[in-house]
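# turn this into a structure:
(chains A and B)
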Protein chains: 2
Amino acid sequence: MTRMYTALTDHHQNLSLDEIFSPVLGKLKSVENLLPTWSEDTSPQLKRMARKIISKQGKLIRPGILLLITGHLGYKGKKDIKAAAAIEAIHLASLIHDDIIDGSTTRRGKKTALQIFGPDFSLLLGDFFFIRSLAHSLAIDREKIPSLLTSVTQKMIEGEIEELTHAYDYDLSQAKYFKIIEKKTACLFQATCELACRLGRATKKENEALKKYGLNLGLVFQVVDDLLDLLGNPSETGKPGFLDLKEGRITLPIILILKKADGRTRASLINWLDEIKHSSARMNLRPLLRLLQESRALEQTHDLAKSLAQKAKQSALALKPTVYRQLLLDLVDFVLYRTK
Amino acid sequence: MTRMYTALTDHHQNLSLDEIFSPVLGKLKSVENLLPTWSEDTSPQLKRMARKIISKQGKLIRPGILLLITGHLGYKGKKDIKAAAAIEAIHLASLIHDDIIDGSTTRRGKKTALQIFGPDFSLLLGDFFFIRSLAHSLAIDREKIPSLLTSVTQKMIEGEIEELTHAYDYDLSQAKYFKIIEKKTACLFQATCELACRLGRATKKENEALKKYGLNLGLVFQVVDDLLDLLGNPSETGKPGFLDLKEGRITLPIILILKKADGRTRASLINWLDEIKHSSARMNLRPLLRLLQESRALEQTHDLAKSLAQKAKQSALALKPTVYRQLLLDLVDFVLYRTK
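Residues are numbered from 1 along each chain as shown, chains lettered A, B, ... in the order given. Now for the predicted structure:
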């Protein structure tokens, strides 16, 4: 963790993901074991590729959330494992396609599909995970779950397209930014909660509360991601820093700093941001970081994340008190104060 | 049409697609009108992109087949229009992703999505069409149609991956080639027929006959595509010639010629094929065409297409005689003798 980020997060101590997901670790393991079986009946090449990428699995946050909620709702079946795997497969597919778009060679400290298999195979592998997820969702519940998944996937694609459309758009407003990250990132968290509610036969009130919880948690997740791109330690985050800037993604700290800057500072900052894409070598990032500090854009960004986190917690507090509810609350802090 | 291809197809005269699809032209028009509405509720950018690509629609062969079959089965509803649009959307999605993989700038004589929007937007647009197709299939029939579509899409992806895996594989066998094109191309024709059977409540016997019809028609389609890549007139086919060779795709004529060639000819042919990918300029293709002619590999390829066409016709002849059955038979000849 960089010093600047530590200062920002106020040296906050939170539970580890293993602690948060402790009551569902058995089921999470089942999700982890289920995913590779989804490519078992395909061609040897596809099977190898799928297994290789699944083995590089990340934090399984979305499956964990789903299982905490079905736990909270007292769900007794096993369909939550399948549903969690379907959500994770959609997430995987979108990461694979995103990495192609960004030209990313590492993620979570490991080589991306793009880096291992090249763009052509990766494109098809992403397609495979999208389709497979939907195919398996049909086996869970034909009424609502498949349309929930197609609908969220479509929103994610829309979000990605809008983000690309606004690359290098230095006039991007904060409102538009939040609309984009809602589609790109937060909707999948929200859909994860909805799916869990559907399985666990949540009441309408529980469903509404958990949808809000998921949405706000997802927004926090993305805003913190923006901060980590600037301040995170690549050896912890597992991805190179300043990727957003290099891809022309105008993230929240940049929006805030651009809004505050006077004409001259703004012009020179835009100049600098325009240049970073062309510079293959390491650029001197100190001027940007100094500007960010002086303008307090980083603190402001983190404050916005905190207030979204507060909203997520308030929604969770509307649920009846259980050990799962407490862990959903702890998860908000984990996402807010995470360093990777 | 090139002289060589005319000679091969024996100056065959067949009905035009408009003639073949004449009893379903109204419904085909509805399919054409329905597709653009599927992006109506999305972001402006995505809507524009989707409309632009849909307006470049091709021959609508798959929707036409579906409608001829529902016509034959006496289906009276309107779900066949939705189902035909879903099939066409999957076809569109796979074309968009294929064009990214091949780096193709033109198709059907028009600019590809890749050329207009670049690889990043095209990738997402392809994802959008895949997901949208499945989302809409859920509205047709939740029992069987969505799983039919996810299953065929998965096979297409598998076929593409196997094809990529065997690029520049000069030992590719004819059997493996047919397995690949079955997945890559013929399965979607087969699924089109199955879907129509499902809607039109076909008997088991009709369903079996039409599945075979679709499969063999799809194989003919692909084998003729291979021939057109070598012999077609780019101004008619709407795509640059020799694209398969440039991408290292070992097509049926190449397999046949490699099988027959003596050691020295084989070695020099392989040398030549290896070189074509590096040559950005127009290569002298006469040596290859002369070799193909001398070896009679083109005639043999066309003979194989003819025998597959014969199988497709035999399957169709198992159906009760209707005007639609006759048109399904005429369609086989259209696909076999098409010049674009």
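
# got the contact list for A:E32?
A:57, A:60 (Cβ atoms under 8 Å, 6 or more residues apart in numbering or on different chains). Quick note: C-beta positions are derived from backbone N, CA and C, even for glycine.

# mind checking which helix or strand it is in?
helix A:25-37 (DSSP states H and E).

# chain B contacts on chain A?
A:42-43, A:45-46, A:49, A:97, A:100-101, A:119-121, A:123-128, A:130-132, A:134-135, A:138, A:142-143, A:146-147, A:150-151, A:153-154, A:157-158, A:160-162, A:164-165 (Cβ under 8 Å from any Cβ of the partner chain).

# the stretch 1-150 of chain A: strands as residue ranges?
A:106-107, A:110-111 (DSSP state E, counting those that start in this stretch).

# would a markdown table of these with mean neighbour count be doable?
Output for these, formatted as a markdown table (neighbours: other Cβ atoms under 10 Å in any protein chain shown):
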| stretch | mean neighbour count |
| --- | --- |
| strand A:106-107 | 20 |
| strand A:110-111 | 16 |
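
# out of those, which gets the lowest mean score?
Mean pLDDT values for the strands of the stretch 1-150 of chain A show the minimum at strand A:106-107, a mean of 87.

# check what contacts that strand and list those residues.
Contacts of strand A:106-107 (Cβ under 8 Å, 6+ apart): A:56, A:95, A:99, A:112, A:115, A:238-240.

# do the same with stretch A:216-223
A:61, A:65, A:178, A:181-182, A:184-190, A:252, A:301, A:304-305, A:308-309, A:311-312, A:315, A:331-332, A:335-336.

# let's see which of these end up in helices.
Within the contacts of stretch A:216-223, residues falling in helices by DSSP state H are A:61, A:65, A:178, A:181, A:187-190, A:252, A:301, A:304-305, A:308-309, A:311-312, A:315, A:331-332, A:335-336.

# now do stretch A:19-28: distance to the chain's middle.
Between the centre of stretch A:19-28 and the centre of its host chain there is 20 Å, according to Cα atoms, centre = their mean, to the nearest Å.

# quick one: end-to-end distance for it.
With Cα to Cα, to the nearest Å as the measure, stretch A:19-28 spans 13 Å from end to end.

# over to stretch A:164-182?
End to end - Cα to Cα - stretch A:164-182 spans 15 Å.

# flag every buried residue along that stretch.
For stretch A:164-182, a neighbour-count test (16 or more other Cβ atoms under 10 Å in any protein chain shown) marks A:164, A:166, A:170, A:172, A:177-178, A:180-182 as buried.

# reformat the residues you listed as JSON lines; add pLDDT.
Formatted as JSON lines, those follow (pLDDT from 0 to 100):
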{"residue": "A:L164", "pLDDT": "96"}
{"residue": "A:H166", "pLDDT": "96"}
{"residue": "A:Y170", "pLDDT": "96"}
{"residue": "A:L172", "pLDDT": "97"}
{"residue": "A:Y177", "pLDDT": "98"}
{"residue": "A:F178", "pLDDT": "98"}
{"residue": "A:I180", "pLDDT": "98"}
{"residue": "A:I181", "pLDDT": "98"}
{"residue": "A:E182", "pLDDT": "98"}
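
# chain B: which of these is nearest?
Nearest to chain B among those: A:L164, at 5.7 Å, using Cβ to the nearest Cβ.

# longest helix in chain A, please.
helix A:204-231.

# mind checking how far that helix is from the chain centre?
When distances are taken as Cα atoms, centre = their mean, helix A:204-231 is centred 9 Å away from the chain's centroid.

# tell me the buried residues in it?
Buried residues in helix A:204-231 (16+ other Cβ under 10 Å): A:206-207, A:209-231.

# then stretch A:331-340?
A:331-338, A:340.

# just flag the most distant two among the residues you listed.
The span of the buried residues of stretch A:331-340, defined through Cβ to Cβ, is set by A:V332 and A:K340 at 16.8 Å.

# what stretches of the stretch 51-200 of chain A score poorly on pLDDT?
Scanning the stretch 51-200 of chain A for pLDDT under 70 picks out no residues.

# one step back: and the buried residues of stretch A:331-340, which is closest to B:L285?
Nearest to B:L285 among the buried residues of stretch A:331-340, with distances taken as Cβ to Cβ, is A:K340, at 54.3 Å.

# dump the residue contacts of the closest one.
Residues near A:K340 by Cβ under 8 Å, 6+ apart: A:228, A:232, A:236-238.

# distance of A:K76 from A:L199?
10 Å (Cβ to Cβ, to the nearest Å).

# quick one: which of these two has more around it?
Of the pair A:K76 and A:L199, A:L199 is the one with more neighbours under other Cβ atoms under 10 Å in any protein chain shown, namely 23 against 8.

# wait, the more buried one sits on A:G77?
Yes. If you go by Cβ atoms under 8 Å, A:L199 and A:G77 touch, sitting 7.1 Å apart.

# show me where the stretch 51-200 of chain A has helices.
A:61-72, A:79-102, A:113-137, A:145-165, A:174-181, A:187-199 (DSSP state H, counting those that start in this stretch).

# out of those helices, which gets nearest to B:K259?
helix A:113-137 (27.3 Å).

# what residues of that closest one count as buried?
Residues of helix A:113-137 classed as buried: A:113-114, A:116-117, A:119-137 (neighbour count, 16+ other Cβ under 10 Å).

# does A:I255 belong to a helix or a strand, and which?
helix A:252-260.

# any idea of the mean pLDDT in that helix?
When pLDDT is averaged along helix A:252-260, the result is 94.

# so which elements touch the helix or strand hosting A:N271?
Secondary structure assignment for A:N271, by DSSP H and E: helix A:263-276. Packing partners of helix A:263-276 (3 or more Cβ pairs under 8 Å, 6 or more residues apart in numbering or on different chains; DSSP states H and E): helix A:243-246, helix A:252-260, helix A:286-295.
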